[in-house]
Structure formats: C-alpha cells, structure tokens
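Novice: Would you be able to build a 3D model of this:
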Amino acid sequence: MYSSRKQGIDQERVLRLIAVIETGSFSAAAECLGITQPTLSASISQLERDVGLRLLDRGARGAHPTVYGTLLYERAKNIQEELARAANDLADLASGRRGRLVVGTNSGTAAQVACTTVTRMIATRPDLQIQLQDGQPLTDMVTNLKCGVIDLFVSPCGKSLPDPELQDEHLISFPRVFVTRSEHPLAQRAKPSIADLAACAFVYPDPGEDSYDSIVGVFERLGIAPPRIGAVVQSLEAAKLLIMGSDLCAILPRVAVASETKLGLVRLYDFNLPLHKSYRLVRNARRTLSPTMAHFIDEFRLVCDGLAWSRN
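Specialist: Okay, the predicted model is just below:
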C-alpha cells in the first residue's frame with residue numbers, strides 16, 4: 001500500500017531507478033552511474049521505502065520494473081524530456097532563435113514595413129512566433145502595452161506619452177508626396193502647381209488625427225486655402241483605392257505608393273516641401289528588452305534604410 005507520509009521523492013534516487021530499468025541490472029547501472037553496486041542497491045531500497053511500494057523485481061536474470069516502477073519510470077522520463085526541452089528553449093530564446101512577439105501598429109505605412117520586417121525575420125528564424133495587430137487607436141495600444149497584451153508598437157509621432165512606464169523612441173522619418181492616379185487631368189500637365197492640386201478634392205484622414213492637421217497646415221503655410229474634403233478614410237489601402245479609382249488627390253508616404261508608381265498607376269508630385277512624417281517605437285520601460293524584441297527593432301530599421309527612409 002502506498003505510504004501516506006507526505007514527503008517528496010528524492011530525485012537522485014529516481015535517476016538511479018531509471019538507470020537500473022534501462023540497463024536491466026544493478027551491476028550495469030552502477031557502472032554507468034560511477035557508483036558501487038551496494039550503494040545503488042541501498043538507494044533503490046530507500047526509494048521503495050519512501051513510496052511504500054516495490055518498484056523492482058530482482059532476480060537471476062536482472063531487475064525488472066513492477067507496475068509501480070513502470071509508472072514512476074514513465075513519469076520521470078517525461079519530466080526529464082520536458083526539462084531537456086526547456087533548457088533548449090531557454091537557450092534558443094536567449095539567443096533570439098525562438099521567441100514570441102506581438103507588435104501593434106495604427107498606421108498603414110508602419111504595418112506595411114512591419115510585415116516586411118517579419119518576413120525577413122522568419123526567413124532566417126522560422127521558429128519565431130510574431131503577431132501583428134494593426135488598426136488600433138493609440139489609447140488602446142498604450143493600454144495593451146502596459147497590460148502586456150502587446151510587446152511594443154509603432155505609431156506616428158504626435159501626441160506625447162507622459163507615462164513613466166513607456167519608453168518613446170523616435171525611430172524613422174519619411175517623405176510624403178502629392179499623389180493622383182496616372183489618368184488624372186492634372187497628370188496630363190507638364191508641371192502642375194500646388195494651387196492646381198489644391199483646387200481638387202482630397203482624401204483626408206480623420207479630422208482628429210495628427211495627419212489631418214499636418215495636411216491642412218501645408219496649405220495654410222503657403223497662404224492657400226486647404227482643398228475640400230472628398231473623402232475621409234481610416235486606412236492607407238482605402239486611400240490608395242480611392243485615388244486610383246477617382247480624381248481625388250492625397251498626400252501619402254512615398255514608400256507607401258512605390259509599387260503603384262512603378263506600375264504606372266499613380267503620379268507623384270514633389271514640391272520639396274517639409275512633408276516628412278516621423279514614426280516612433282514605444283515599449284514598456286519596465287520590461288527587459290528580449291532578444292526577439294531587439295531583433296525586430298534592428299530589422300525594422302534595416303528595412304526602413306532599404307526603402308531610402310532617413311532617420312533623424
């Protein structure tokens with residue numbers, strides 16, 4: 001009958017039991033363990049007393065586990081294997097070969113570059129698990145970051161984040177240009193002016209967004225009335241679809257329409273105006289920067305550099 005005494009099972013004795021079962025004899029197990037056979041025999045006997053059950057059948061043909069010994073052996077082997085896997089996983093995590101990362105974005109451009117970054121990372125480290133959460137309001141991303149739902153987020157620089165828990169790093173800046181579809185009436189002119197563009201209807205972001213104020217500010221600084229609102233969108237993809245399917249104009253990141261420009265679907269108008277837009281990386285300052293997080297940040301910067309973005 002199993003002992004009712006509340007005591008732990010000695011791990012060293014269990015390891016010795018495993019050796020006896022796997023070798024089939026006390027003499028072979030003692031040799032493998034580097035101890036004497038009497039020491040091994042005494043250790044197994046004490047283990048049997050500890051659990052109150054006979055674990056081995058001893059005979060002339062060696063030692064064989066009882067039903068109780070088999071159960072303890074199988075459980076102990078599972079624990080051994082899990083510990084070995086845990087050690088490997090810790091080593092992989094520390095080196096950045098494996099890991100899990102959740103990244104938030106609230107901008108189509110940031111999401112676009114983040115996807116490219118993730119593609120580069122998993123190409124060399126396929127065991128990484130990276131989740132992108134796009135389209136969240138800034139307030140939600142801040143809450144999720146502080147609660148540990150996301151590990152970091154990338155967003156346009158704008159509203160300050162006066163929170164001691166958050167570390168705000170200016171990451172990149174990139175140029176924005178005026179964009180129309182390639183068949184737009186203005187696209188047929190050699191050199192349309194900003195005033196010509198301002199006479200057209202524009203695609204705007206939400207009025208409460210910093211991007212809205214920056215677009216209006218461009219025209220106001222030039223003494224030109226801001227263009228009328230033709231459509232209000234909340235995503236970069238929606239803005240591009242509207243531009244390519246109508247005579248609406250927009251101010252968009254150059255990199256965001258690189259593919260459409262190459263295919264001849266849109267025309268860009270660059271007047272060398274201060275239309276750069278900056279992005280920041282935000283993470284929880286109270287959390288240690290993991291190898292996977294550091295890897296993502298480094299790769300994100302490399303992707304930006306490859307797209308000819310300029311960091312301040």
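Novice: Pull the contacting residues for the most centrally placed residue in the chain.
Specialist: Centroid-nearest residue in the chain: residue 101, 3.0 Å away (criterion: CA atoms, centre = their mean). Contact partners of residue 101, counting by CB atoms under 8 Å, 6 or more residues apart in numbering, are 128-131, 151-152, 290, 292-293, 296. All C-beta atoms are positioned from the backbone trio N, CA, C, and that covers glycine.
Novice: Quick one, which of these has the minimum pLDDT?
Specialist: Within the contacts of residue 101, residue 290 has the lowest pLDDT, namely 80.
Novice: Could you measure from the residue lying farthest from the centre of the chain over to residue 29?
Specialist: The outermost residue of the chain relative to its centre, with distances by CA atoms, centre = their mean, is residue 60 at 59.7 Å. Distance of residue 60 to residue 29, given as CB to CB, to the nearest Å: 17 Å.
Novice: ditto for residue 260
Specialist: For residue 260, the distance to residue 29 equals 71 Å [CB to CB].
Novice: Which of these two has more residues huddled nearby?
Specialist: More crowded of residue 260 and residue 29, by other CB atoms under 10 Å: residue 29, with 24 against 19.
Novice: Hmm, that one is touching residue 39, no?
Specialist: No. Counting by CB atoms under 8 Å, residue 29 stays clear of residue 39, with 11.0 Å between them.
Novice: Run through the neighbouring helices and strands of the helix or strand where residue 242 lies.
Specialist: Following DSSP states H and E, one finds residue 242 within helix 236-245. Applying 3 or more CB pairs under 8 Å, 6 or more residues apart in numbering; DSSP states H and E, one finds that helix 236-245 makes contact with helix 108-124, strand 176-181, strand 202-204, strand 250-253, strand 266-269.
Novice: Give the other helices and strands that the shortest one contacts.
Specialist: Other helices and strands packing on strand 202-204, by 3+ CB pairs under 8 Å, 6+ apart, are helix 210-221, strand 229-232, helix 236-245, strand 250-253.
Novice: ditto for the longest one
Specialist: Applying 3+ CB pairs under 8 Å, 6+ apart, one finds that helix 108-124 contacts strand 99-105, strand 128-134, strand 152-156, helix 236-245, helix 291-306.
Novice: ok now it, how far from the chain's centre?
Specialist: A distance of 10 Å separates the centroid of the chain from that of helix 108-124, by CA atoms, centre = their mean, to the nearest Å.
Novice: same question, stretch 190-210
Specialist: Centroid displacement of stretch 190-210 relative to its chain, using CA atoms, centre = their mean, is 35 Å.
Novice: Can you give me the buried ones in it?
Specialist: Using 16 or more other CB atoms under 10 Å as the test for burial, stretch 190-210 gives 192, 197-198, 200, 202-205, 209.
Novice: can you check stretch 52-64 too?
Specialist: Along stretch 52-64, these residues count as buried under the neighbour rule (16+ other CB under 10 Å): 53, 55-56, 62-63.
Novice: from the chain's centre, how far out does that stretch sit?
Specialist: Per CA atoms, centre = their mean, the centroid offset for stretch 52-64 relative to its chain is 53 Å.
Novice: Restrict that stretch to CA atoms and write it as CSV.
Specialist: C-alpha atoms of stretch 52-64 as CSV (Å, rounded to 0.1, in the frame of the first residue of the first chain):
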residue,chain,number,x,y,z
GLY,A,52,5.8,2.4,0.3
LEU,A,53,5.8,0.2,-2.8
ARG,A,54,8.0,-2.3,-4.5
LEU,A,55,9.4,-0.8,-7.7
LEU,A,56,11.6,-3.6,-9.0
ASP,A,57,11.5,-7.3,-9.2
ARG,A,58,15.0,-8.6,-8.6
GLY,A,59,16.1,-12.0,-10.0
ALA,A,60,18.9,-14.0,-11.5
ARG,A,61,18.1,-12.6,-14.9
GLY,A,62,18.4,-9.0,-13.7
ALA,A,63,16.0,-6.3,-12.4
HIS,A,64,12.6,-5.5,-14.0
